[in-house]
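Trainee: Return a 3D structure for these sequence lines:
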Amino acid sequence: MNKTKMAYFKDEDILHVVISDEKEVSSIELNPNITAEINEKGELIGIEILKASSFIRDSILESSQAKILELKKAV
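Mentor: Okay, here's the model as predicted:
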């Protein structure tokens, strides 16, 4: 496995995460904006995220809000 690389294409708002430089032979749509790239062994080698800025913002907000609610319950 090679070093993970990321590329962000600002004009298209696409984040591409490369986990391995192996050849992509298949892909799986995880949801309408996220695609997993698969090698010939069926292993994950990359992820493409469309509308990346919204996805990351929403993921961080959701995670933060969950932690805040957990803290409020503990108090």
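Trainee: Next, the buried residues of stretch 24-34.
Mentor: residue 34 (16 or more other CB atoms under 10 Å). Placement of C-beta: from N, CA and C, glycine included.
Trainee: Over to stretch 4-21?
Mentor: Those buried within stretch 4-21 under the rule 16+ other CB under 10 Å are 14, 15, 16, 17, 18, 19, 20.
Trainee: now what about stretch 10-18, what contacts it?
Mentor: Identification of contacts with stretch 10-18 by CB atoms under 8 Å, 6 or more residues apart in numbering yields 2, 4-9, 45-56.
Trainee: nope, stretch 19-35 is what I meant
Mentor: Contact with stretch 19-35 is made by 1-2, 4, 36-40, 42-51, 55, as judged by CB under 8 Å, 6+ apart.
Trainee: Go again with 10 Å.
Mentor: With CB atoms under 10 Å, 6 or more residues apart in numbering as the contact definition, stretch 19-35 has outside contacts at 1-5, 13-16, 18, 36-52, 54-55.
Trainee: And these, which of them are buried?
Mentor: For the contacts of stretch 19-35, a burial check counting by 16+ other CB under 10 Å picks out 14-16, 18, 36-39, 45-49, 51-52, 55.
Trainee: how near is the residue nearest to residue 51 when sequence neighbours are not counted to residue 72?
Mentor: Closest residue to residue 51 apart from its sequence neighbours, by CB to CB, 6 or more residues apart in numbering: residue 33 at 5.2 Å. As judged by CB to CB, to the nearest Å, residue 33 and residue 72 stand 31 Å apart.
Trainee: repeat for residue 45
Mentor: 40 Å.
Trainee: again, but for residue 16
Mentor: Residue 16 is 37 Å from residue 72, by CB to CB.
Trainee: Surely residue 56 touches residue 49?
Mentor: Yes. Taking CB atoms under 10 Å as the definition, residue 56 is a contact partner of residue 49 at 7.9 Å.
Trainee: I'd like to know how far residue 57 sits from residue 51.
Mentor: Look at residue 57 and residue 51: by CB to CB, they are 10 Å apart.
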